[in-house]
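Student: got a predicted structure here, sequence first:
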Amino acid sequence: MIEVQNITKRYGNLTAIDRVTFSVAKGEVLAFLGPNGAGKTTTMRILTCFMPATDGIAKVAGFDCLEQPMEVKRRIGYLPETPPVYQELTVTEYLTFVARLRGITGREQTAAMDRSIERLALGSVRHRLIGNLSRGYRQRVGLAQALLHDPPVLILDEPTVGLDPKQIIEIRELIKSLAGSHSVILSTHILPEATAVCQRVVIINGGRIVAEDTPDQLSARLRQSEKISLTLKAPQADCLTRLQTIPGVLHVSAGQAPGSFLVECALGQDMRDEIARVVVTQQWGLLELRTISMTLEDVFLKLTQHEDGLPQTASVGTEVSAS
Amino acid sequence: MTPVGALIAKELRGYFVSPVVYVVGAVFLLIFGLLSYLYIVFAGAQAIQLMQLQGGVAQLNLNDLVFRNLFASVRFVLLIILPILTMRLFAEERKLRTFEFLMTSPAGINEIVAAKFVSVLLVFLGLVGLTGLMPAVLMLFSDFDWYPVLTGYLGLILLGALFLAVGLLASALTENQIVAAFLSFGILLVVWLLSGVGSLLGDTLPGQIVSYLSFMEHYDRLVRGLIDTKDLVYFFSGLALLLFLTHRIVETARWK
């Protein structure tokens, strides 16, 4: 549904995004991750035909953003960073305005508005002025606007900003329910959100895509060893050396808490049963034994930190885009 | 309802829920009323003088004494109040980030610019319509020629439309409403003063060109009751040029 090939956007000397390429299939939810100023909003603005790219091709539903912007605009629901609401209108008036602007009239309009209001639970505020609503409600009105014409493509710039935890869960559920029938791109810097909602993650930093994969694959890819956390009730002095002698264990280090250890094993090996057997026979009192998987946070930090990760980052980026 | 209709309805609602239209309208009508009153009283005083000098009933030309002066003065009022009406049109959308929404909606820039211009023009026509009470009441008590009054109103509307188009252009240039208002004051005053520069240059070709660029002589002829194609061409081509420039500015504003 969405195809982006080598788009570049320059503002004078500043390159906001640099040869970004990715695509979104029909019914797929893609998360755009990146620190502030990474180029997420710029990419979204190009896709929504708000601004043209300096170079490259962006296509939505088969229509070129530069050649046929009207066709693209008709097929996109867009929630910008700041919810685009008019404070002097009530929720109903605002949605009526949006519907008319999109050429939805009559019975269709009533149905579309009712559906949008119900989906975002705006029923209780539908006759209130948007200017008097809280940030969370305004955000939801903005989302209602994007969903109103039931577009095949949704582009949401940080859709859960300003919502309370309960609303965040509701909105995530809503986005998940849209998957399958709608293609969604959402930008976020809240990592669990990407894991919770999206099938695929694109990590962008400094205007370049540094990684693109499913959340699980990403963390697997960046892991250099299997890490196991071990907590013992009665550790002995020879614990470290004894653990070290288990075949397959690469390195053992003592954790911060007394009795806790970090065991690193070779990639692709599950050493938990072996470690457990040793601990039990030595009667060290096993309290906890679990594998540590790399969270998306770790992946993200690893990929976006310039100081120590740049050469590595670049290699991961090329590896991913080559695959 | 078409997208343009929806946009116009939204703009009009924006005007009438904010106090700006009411304050601007009240001030405009108050000043219009006050000016009318003053010119009518002066005309009355002159009539009494004439009667004392000549005896009998003096024939007064209300068109000259009241309406021409009134229309000449109202220009200043328009120059001050119309930029206040137009300053929010694009500046506010850009400030509140609804501009991005408009530009990514399926409404074209033509439609957006046209809707904004038509909506503020409707507000202005409403205000001008209310001033129509004055000649209507005056007609009950005296005699005057309606034709120059109507051409005067035509001039007033064309001049107002031109001012509004300048204001719309200024509003598209910035996201600060105060800057937009001041910019349109500035542009209008400079164009106004062009007529002075023109008369300074005298009856030479540059002088004629500069005078033609100012709206003064075109408006004056309409107020005197002359409908000249030359003047209509001036107003309509000016309007078209300003709206076209606004379109270009809106088009490029999103690139930044």
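Tutor: Yep, it's here. The structure displayed is predicted, hence computed values, not measured ones.
Student: so who does residue 120 touch?
Tutor: Going with chain A. If a contact means C-beta atoms under 8 Å, 6 or more residues apart in numbering or on different chains, then residue A:120 has A:140-141, A:143-144, A:147, A:174 as its contacts. For every residue, glycine as well, the C-beta is placed using N, CA and C.
Student: not quite, I wanted chain B
Tutor: Taking C-beta under 8 Å, 6+ apart as the definition of contact, the neighbours of residue B:120 are B:11, B:15, B:85-86, B:89, B:164, B:167-168.
Student: among these, which lie within strands?
Tutor: Helix and strand membership here follows DSSP state E; of the contacts of residue B:120, not one is in strands.
Student: before we move on, the earlier item: which two from the contacts of residue A:120 end up farthest apart in space?
Tutor: Longest distance between any two of the contacts of residue A:120 is 14.0 Å, between A:141 and A:174; criterion C-beta to C-beta.
Student: which one's more surrounded, the two?
Tutor: Neighbours were tallied for residue A:141 and for residue A:174 using other C-beta atoms under 10 Å in any protein chain shown; the higher tally belongs to residue A:141 (26 against 17).
Student: OK, contacts around the more buried one?
Tutor: When contacts are counted by C-beta under 8 Å, 6+ apart, residue A:141 touches A:83, A:85, A:91, A:94-95, A:120, A:122, A:130, A:133.
Student: residue ranges of each domain in chain A, please.
Tutor: If the domains of chain A are taken from automatic domain parsing, they occupy A:2-75+A:151-220, A:224-292, with pieces of a single domain joined by a plus sign.
Student: what's the closest of the contacts of residue A:141 to chain B?
Tutor: For chain B, the nearest member of these is residue A:85. The distance, counting by C-beta to the nearest C-beta, is 7.2 Å.
Student: the closest one against residue A:128, yeah?
Tutor: No. Taking C-beta atoms under 8 Å as the definition, residue A:85 is not a contact partner of residue A:128, at 12.0 Å.
Student: look at the two and report which has more neighbours.
Tutor: Legend: neighbour count by other C-beta under 10 Å for residue A:85 and residue A:128, higher for residue A:85 (24 against 14).
Student: next, the nearest residue to that one once chain neighbours are set aside: phi, psi?
Tutor: Closest residue to residue A:85 apart from its sequence neighbours, by C-beta to C-beta, 6 or more residues apart in numbering or on different chains: residue A:130 at 4.7 Å. Recorded main-chain torsions at residue A:130 are phi -60, psi -30, according to degrees, to the nearest 10.
Student: check contacts around residue A:130.
Tutor: For residue A:130, the contact set (C-beta under 8 Å, 6+ apart) comprises A:85-91, A:94, A:138, A:141.
Student: at 6 Å instead, please
Tutor: Applying C-beta atoms under 6 Å, 6 or more residues apart in numbering or on different chains, we find residue A:130 in contact with A:85, A:87, A:89, A:94, A:141.
Student: mind listing which of these are in strands?
Tutor: Short answer: these have none in strands (DSSP E).
Student: list the buried residues of the helix or strand containing residue B:113.
Tutor: Per DSSP states H and E: residue B:113 is located in helix B:109-131. Neighbour counts over helix B:109-131 (16 or more other C-beta atoms under 10 Å in any protein chain shown) mark B:109, B:111-121, B:123-124, B:127-128, B:131 as buried.
Student: try stretch A:46-56
Tutor: Of the residues in stretch A:46-56, those buried (16+ other C-beta under 10 Å) are A:46-53, A:56.
Student: and of the residues you listed, the nearest to residue A:238?
Tutor: residue A:47 (60.5 Å).
Student: count the residues that sit near the residue in the stretch 151-300 of chain A positioned nearest to chain B.
Tutor: In the stretch 151-300 of chain A, no residue comes nearer to chain B than residue A:155, which is 8.9 Å away by C-beta to the nearest C-beta. A total of 27 residues lie near residue A:155 under the criterion other C-beta under 10 Å.
Student: between all of the contacts of residue A:130, which two are at the greatest distance?
Tutor: A:87 and A:141 (10.7 Å).
Student: can you tell me the closest non-neighbouring residue to residue B:185?
Tutor: Take residue B:185 and drop its neighbours on the chain: the residue closest to it by C-beta to C-beta, 6+ apart is residue B:83, 5.5 Å away.
Student: okay, now the one you found: neighbour count?
Tutor: 25.
Student: same check on the one 4 residues further on?
Tutor: Around residue B:87 sit 26 other residues, with neighbours defined as other C-beta under 10 Å.
Student: now do the contacts for it.
Tutor: B:171, B:177, B:180-181.
Student: go again using 7 Å as the cut-off
Tutor: Counting by C-beta atoms under 7 Å, 6 or more residues apart in numbering or on different chains, residue B:87 makes contact with B:167, B:171, B:177, B:180-181.
Student: residue B:150 versus residue A:43, what's the distance?
Tutor: Taking C-beta to C-beta, to the nearest Å as the measure, residue A:43 falls 57 Å from residue B:150.
Student: and what of residue A:150?
Tutor: When distance is defined by C-beta to C-beta, residue A:150 is 52 Å away from residue B:150.
Student: hang on, the earlier thing: roughly how far is the helix holding residue B:113 from the heart of the chain?
Tutor: Here the centre of mass of C-alpha atoms in helix B:109-131, compared against the chain's by C-alpha atoms, centre = their mean, to the nearest Å, lies 11 Å away.
Student: before we move on, what about stretch A:202-213?
Tutor: The gap between where stretch A:202-213 is centred and where its chain is centred comes out at 12 Å by C-alpha atoms, centre = their mean.
Student: list the buried residues of it.
Tutor: In stretch A:202-213, counting by 16+ other C-beta under 10 Å, buried: A:202-213.
Student: chain B contacts on the stretch 51-200 of chain A?
Tutor: By C-beta under 7 Å from any C-beta of the partner chain, the residues of the stretch 51-200 of chain A that approach chain B are A:51, A:70, A:73-74, A:78, A:80, A:82, A:84, A:86, A:88-89, A:97, A:100-103, A:105.
Student: make a PyMOL selection of the buried ones in these.
Tutor: Burial among those is assessed by 16+ other C-beta under 10 Å; the matching PyMOL selection reads:
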select buried, chain A and resi 51+73+74+78+80+82+84+86+88+89+97+100+101+102+103
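Student: quick one: secondary structure of residue A:52?
Tutor: Reduced to three states with DSSP: H, G, I helix; E, B strand; the rest coil, the structure at residue A:52 is coil.
Student: all set, thanks.
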